[in-house]
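Colleague: Make a model of this:
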Amino acid sequence: MKRRGRPRTHKPSIPAHIDQAKIPAGLLWDASGKGRWYVREADPEGRFRTKTVAQPDARLSELHAIMEERRGGPAKGSVAFVLDAFHASLEFKALAPSTRAHYADYAKAIKAYPTRMGALGTLAVDRLSQPVIRALIHTIAAGKPATRPGEKAVPGYPSKANHWLRYLRRAFGVGINIGACKTNPARGVNCVKEVRDHRMPSREAMRAVQEFARAAGAKGPREKGAFPAYLWAGIELGYQARLRGIEVLTLHDGLIAGLIEAEDARLQTNRRKGSKDNAVRVGARMREAITTLQAYRKTIWERRKLATPIRPEDRPLFVSEDGTRLTRSGWNTAWGRMMRKAVEEGVITKAQRFALHGLKHRGVTDTTGTPDVKKEASGHVTDSMGALYNHDIPAVEPADDPAPGLQPGRNS
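Modeller: Here you go, the predicted model:
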């Protein structure tokens with residue numbers, strides 16, 4: 001396409017590394033001071049103002065990327081451009097649906113993450129380096145303290161930092177293969193150390209939150225302080241069956257063996273991460289939770305005039321207000337609101353907040369039996385993973401203070 005308008009006149013003050021014949025249209029050079037690249041924009045009143053878009057050390061490719069971005073869409077070679085290219089690739093489409101959903105959340109947050117050079121999504125991948133990515137990951141992992149009065153400190157999230165690093169490493173790697181970028185600045189950057197925080201609730205805190213959620217779930221859908229009825233039921237199932245959060249949310253009628261009212265009813269688990277499935281006996285508490293979820297689902301489907309699927313596998317226990325399977329983000333939103341409300345009303349303290357995954361720790365710990373029994377109940381394959389979730393403290397004898405009637409077992 002031919003450039004419209006008269007050709008640019010040569011300006012000696014423009015940096016020598018810029019081919020002046022290839023400067024994008026609409027971009028102007030100001031030679032004052034150290035120099036700057038700028039554009040002219042019209043304000044709401046119709047008056048034109050200047051806006052600096054790049055410094056004199058910017059390369060020609062970056063100037064083109066800036067102008068492309070201003071015309072709409074991510075600039076070629078930028079972080080946002082490479083991430084979008086990765087999400088459109090066959091490598092991305094071959095991933096599990098849950099992984100794709102996580103990656104979509106990561107991409108949205110990464111593109112908007114603020115840096116001193118602008119939003120992270122606008123930066124050129126090939127201009128980033130390993131130290132830059134390392135500093136980004138360490139900042140997310142360590143957080144930011146408050147430096148000014150009234151400023152809120154940003155907590156650190158080591159797990160989030162590592163998730164972002166692995167995602168960027170993968171996205172940039174695919175970006176090289178498909179020609180979206182030339183380098184992978186995330187390669188070679190080490191993950192940060194994560195401190196294990198199981199956040200297992202005490203039985204008292206767990207039951208207090210559950211009763212709070214049960215009372216809120218009994219209110220009308222639009223009544224003040226109401227929460228979905230599936231919250232308290234999810235707590236019960238996660239605890240009794242020792243399930244991870246995603247394993248709770250993907251339960252369906254097809255996993256219930258026998259009639260739910262029968263004494264021999266069982267709930268078959270759908271464990272992830274290589275854990276073994278088992279069939280958990282449905283006790284009184286679990287039966288009440290399941291029937292509550294089924295009644296809540298029936299109410300939603302009747303209100304929405306949705307047909308009940310014939311196959312039990314197509315009838316999820318957890319549904320949202322629109323009648324579809326409840327998503328992880330939908331659950332997290334409702335759970336977060338409930339926890340904040342529970343803290344505000346003094347049901348628990350802020351330090352007693354827990355996540356759905358903490359209930360698996362609580363359930364494994366409360367399971368009666370030896371460590372082998374607990375490991376079989378939780379579905380863990382290795383002893384180390386079984387021990388990680390078992391926080392039971394065994395009662396043992398002192399070294400040399402036998403109980404009455406016993407002789408000390410001392411070797412001499």
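
Colleague: how about the strands in the chain?
Modeller: Assigned by DSSP state E, the strands in the chain fall at 28-30, 36-42, 48-54, 114-115, 118-119, 256-257, 266-268, 279-281.

Colleague: Asn390 is nearest to which of these?
Modeller: Between Asn390 and the strands of the chain, the tightest spacing by C-beta to C-beta is seen for strand 279-281, at 17.3 Å. Placement of C-beta: from N, CA and C, glycine included.

Colleague: So which of the strands of the chain is the most surrounded?
Modeller: Per-residue neighbour counts averaged over each of these give the maximum for strand 266-268, namely a mean of 19 (mean count of other C-beta atoms under 10 Å).

Colleague: Check which helices and strands it sits against.
Modeller: For strand 266-268, the packing partners by 3 or more C-beta pairs under 8 Å, 6 or more residues apart in numbering; DSSP states H and E come out as strand 256-257, strand 279-281.

Colleague: Need the residue closest to the centroid of the protein.
Modeller: His102 (6.2 Å; C-alpha atoms, centre = their mean).

Colleague: Roughly how far does that residue sit from Trp164?
Modeller: Spatial separation of His102 from Trp164 under the definition C-beta to C-beta, to the nearest Å is 11 Å.

Colleague: now the helix or strand of the chain with the lowest mean pLDDT against strand 48-54, angle please.
Modeller: Lowest on mean pLDDT, DSSP states H and E among the helices and strands of the chain sits helix 60-70, with a mean of 75. Calculated by axes from the mean of the first three to the mean of the last three C-alpha atoms, to 10 degrees, helix 60-70 forms an angle of 130 degrees with strand 48-54.

Colleague: Please point out which parts of helix 60-70 sit buried.
Modeller: Taking 16 or more other C-beta atoms under 10 Å as the basis for neighbour counts, the residues of helix 60-70 that come out buried are Glu62, Leu63, His64, Ala65, Ile66, Met67, Glu68, Glu69, Arg70.

Colleague: Which residues does it contact?
Modeller: Applying C-beta atoms under 8 Å, 6 or more residues apart in numbering, the contact partners of helix 60-70 are 17-19, 22-27, 37, 39, 53-54, 58, 75-78, 122, 124, 127.

Colleague: Also stretch 174-181?
Modeller: Taking C-beta under 8 Å, 6+ apart as the rule, stretch 174-181 contacts 77, 81-82, 85-86, 89, 91-92, 125-126, 172, 182-184.

Colleague: again with stretch 266-277
Modeller: 237, 241, 243-244, 246-247, 250-251, 255-258, 278-282, 286, 290, 378-381.

Colleague: Quick one, which of these are buried?
Modeller: If you count burial by 16+ other C-beta under 10 Å, the buried members of these come out as 237, 241, 243-244, 246-247, 250-251, 255-256, 278, 280, 282, 286, 290, 378-380.

Colleague: just checking, Pro316 touches Leu255?
Modeller: No. At 10.3 Å, Pro316 does not count as touching Leu255 under the criterion of C-beta atoms under 8 Å.

Colleague: Quote the end-to-end distance of stretch 134-151.
Modeller: According to C-alpha to C-alpha, to the nearest Å, stretch 134-151 extends 25 Å from its N-terminal end residue to its C-terminal end residue.

Colleague: Would you mind listing the outside residues contacting that stretch?
Modeller: Contacting residues not belonging to stretch 134-151 are listed as 113, 115, 120, 152-158, 160-162, 164-165, 189-192 [C-beta under 8 Å, 6+ apart].

Colleague: repeat for stretch 295-312
Modeller: Residues contacting stretch 295-312 (C-beta under 8 Å, 6+ apart): 228-230, 233, 252-254, 256, 315-317, 319-323.

Colleague: With adjacent residues omitted, what lies nearest to Met206?
Modeller: Of all residues beyond its chain neighbours, the one nearest Met206 is Arg362 (6.2 Å), with distances taken as C-beta to C-beta, 6 or more residues apart in numbering.

Colleague: Thank you, goodbye.
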